[in-house]
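Peer 1: Just need the structure, nothing else, for what follows:
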Amino acid sequence: MPLGHWFASKRNNKASLNPESVNQKLTDGDFERLWIQCYNCSERFPKKDIQENRMVCSACGYHFRINSWERIHQITDSFEELNASLRPKDPLNFTDTAPYAERIEKTEAKTNLKEAVITGIGKISDTKFALAVMDFSYMGGSMGSVVGEKITRLIETALEENLSLIIFSSSGGARMQEGTYSLMQMVKTGAALAKLHEAGLLYISVLTEPTFGGVTASYGTLGDIIIAEEGARIGFAGRRVIEQTIRQKLPADFQTANYLLKYGQVDMVVQRQQLKESLYRLIQLHQKSLTLAGPVSSRQL
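Peer 2: Here you go, the predicted model:
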């Protein structure tokens with residue numbers, strides 16, 4: 001085949017894959033089901049290609065948000081859920097624009113989740129570890145009393161079974177509808193993590209897009225090793241609130257994963273495709289250090 005004809009055939013094939021050319025034959029629902037547009041670079045790809053790349057844009061590296069179960073499938077070879085039946089209550093009979101109890105019902109129906117965190121025992125190869133994964137789609141990943149209870153119970157299980165602990169955070173902060181009940185989860189989880197630390201067990205905190213408020217101020221930043229997923233925004237108060245308070249313009253990359261790495265607030269920034277391998281390697285390294293020299297601080301790894 002002449003070289004000119006080869007280039008022409010490649011152009012024709014590329015055009016046939018263009019969503020604009022296919023869109024005329026598809027309904028809007030079909031288009032959204034089959035194609036996905038990157039929020040960062042605006043490139044469009046077949047959704048299956050992005051899914052095969054772990055929901056990371058192959059053009060610019062943008063990390064799409066993923067739900068808790070998808071995260072669990074990506075980083076474990078097997079997973080056994082714990083405390084799955086725990087559901088939030090409405091201790092304050094709270095109502096704003098809608099009753100809290102009504103919000104819970106609607107959110108459960110929409111997300112098919114019972115709370116903003118899933119906890120259990122994961123395994124990579126032959127290595128077991130305690131795992132908690134937050135889900136931002138459930139009321140913004142807000143930390144209520146059940147979130148704190150499930151994480152505390154998981155930490156206690158890690159202590160009983162001598163397991164490393166990994167928590168994936170994705171949250172807007174404490175759940176206002178539960179008032180002080182929510183805020184007390186910061187103390188509760190922190191106390192449990194102190195016991196884990198005293199036992200010499202490893203806690204890896206993975207901060208994903210976005211992690212803010214009471215979660216950042218508690219177990220999110222209490223890890224022996226703190227990993228930020230590439231592109232994650234992490235902080236306590238939001239950017240606009242800080243700018244209004246200090247009356248200064250913040251840097252464009254403020255509160256991003258790489259900004260925090262630059263100033264020593266996180267230990268590593270890892271792309272999603274490397275997360276499973278990185279977590280497995282860190283757990284193995286810690287276990288080896290315990291075998292060779294007894295308990296050591298994971299900050300020495």
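Peer 1: which residues in this protein form helices?
Peer 2: Under the criterion DSSP state H, the chain contains helices at 3-16, 19-23, 28-34, 47-52, 68-75, 100-111, 145-161, 179-198, 213-216, 239-246, 257-262, 272-293.
Peer 1: among the ones you listed, which is nearest residue 82?
Peer 2: Closest to residue 82 of the helices of the chain, according to Cβ to Cβ: helix 145-161, at 6.5 Å. Yep, even glycine has a C-beta here, placed from its N, CA and C like the rest.
Peer 1: circling back to that earlier point, name the stretch among the helices of the chain that sits most buried.
Peer 2: The highest average neighbour count among these, using mean count of other Cβ atoms under 10 Å, belongs to helix 213-216 at a mean of 25.
Peer 1: Which elements pack onto that helix?
Peer 2: For helix 213-216, the contact count by 3 or more Cβ pairs under 8 Å, 6 or more residues apart in numbering; DSSP states H and E identifies strand 164-171, helix 179-198 as packing neighbours.
Peer 1: mind checking which of the ones you listed is nearest residue 100?
Peer 2: Within those, the stretch nearest residue 100 is helix 179-198; the backing value is 10.5 Å (Cβ to Cβ).
Peer 1: where are the low-confidence patches of the stretch 101-250 of the chain?
Peer 2: For the stretch 101-250 of the chain, applying pLDDT under 70 flags no range at all.
Peer 1: which ones are touching the closest residue to residue 219 other than its chain neighbours?
Peer 2: Beyond its immediate neighbours in the sequence, the residue positioned closest to residue 219 (Cβ to Cβ, 6 or more residues apart in numbering) is residue 189, lying 4.6 Å away. With contact taken as Cβ atoms under 8 Å, 6 or more residues apart in numbering, residue 189 is in contact with 148, 151, 152, 155, 218, 219.
Peer 1: Let me have those residues in TSV, extended by distance to residue 177.
Peer 2: Putting these into TSV (distance: Cβ to Cβ, whole Å) gives the following:
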residue	distance to residue 177
148	14
151	19
152	20
155	25
218	18
219	20
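Peer 1: Tell me the spacing between residue 271 and residue 34.
Peer 2: For residue 271, the distance to residue 34 (Cβ to Cβ, to the nearest Å) stands at 26 Å.
Peer 1: returning to that earlier point: which one of the contacts of residue 189 is nearest residue 209?
Peer 2: For residue 209, the nearest member of those is residue 219. The distance, counting by Cβ to Cβ, is 17.4 Å.
Peer 1: roughly how far apart are the residue nearest to the spatial centre of the chain and residue 98?
Peer 2: When the chain is reduced to its mean C-alpha position, the nearest residue by Cα atoms, centre = their mean turns out to be residue 208, at 4.1 Å. When distance is defined by Cβ to Cβ, residue 208 is 28 Å away from residue 98.
Peer 1: what's the answer for residue 213, then?
Peer 2: Here residue 213 is placed at a distance of 21 Å from residue 98 (Cβ to Cβ).
Peer 1: again, but for residue 136
Peer 2: Note on residue 136: its distance to residue 98, by Cβ to Cβ, is 20 Å.
Peer 1: Compare those two (neighbour count), which wins?
Peer 2: Remark: of residue 136 and residue 98, residue 136 carries more neighbours, 22 against 10, as counted by other Cβ atoms under 10 Å.
Peer 1: wait, isn't that one in contact with residue 168?
Peer 2: No - counting by Cβ atoms under 8 Å, residue 136 sits too far from residue 168 to count as a contact (10.7 Å).
Peer 1: what's the nearest residue to residue 147 if we skip its chain neighbours?
Peer 2: Counting by Cβ to Cβ, 6+ apart, the residue nearest residue 147 is residue 117, at 4.9 Å.
Peer 1: beta partners of the one you found?
Peer 2: residue 134 (DSSP bridges).
Peer 1: Go ahead and confirm it touches residue 135.
Peer 2: Yes - using Cβ under 8 Å, residue 117 is in contact with residue 135, at 7.0 Å.
Peer 1: So for those two, which residue has more residues nearby?
Peer 2: residue 117 (30 against 24).
Peer 1: now the nearest residue to residue 163 once chain neighbours are set aside: how far from residue 100?
Peer 2: Closest residue to residue 163 apart from its sequence neighbours, by Cβ to Cβ, 6+ apart: residue 130 at 4.8 Å. Noted for residue 130: a distance of 30 Å to residue 100, by Cβ to Cβ.
Peer 1: cool, residue 46 as well?
Peer 2: For residue 46 relative to residue 100 (Cβ to Cβ), the value is 40 Å.
Peer 1: and the residue nearest to the centre of the chain, what does it touch?
Peer 2: For residue 208, the residues meeting the contact criterion (Cβ under 8 Å, 6+ apart) are 65, 71, 168, 169, 170, 228, 229, 232.
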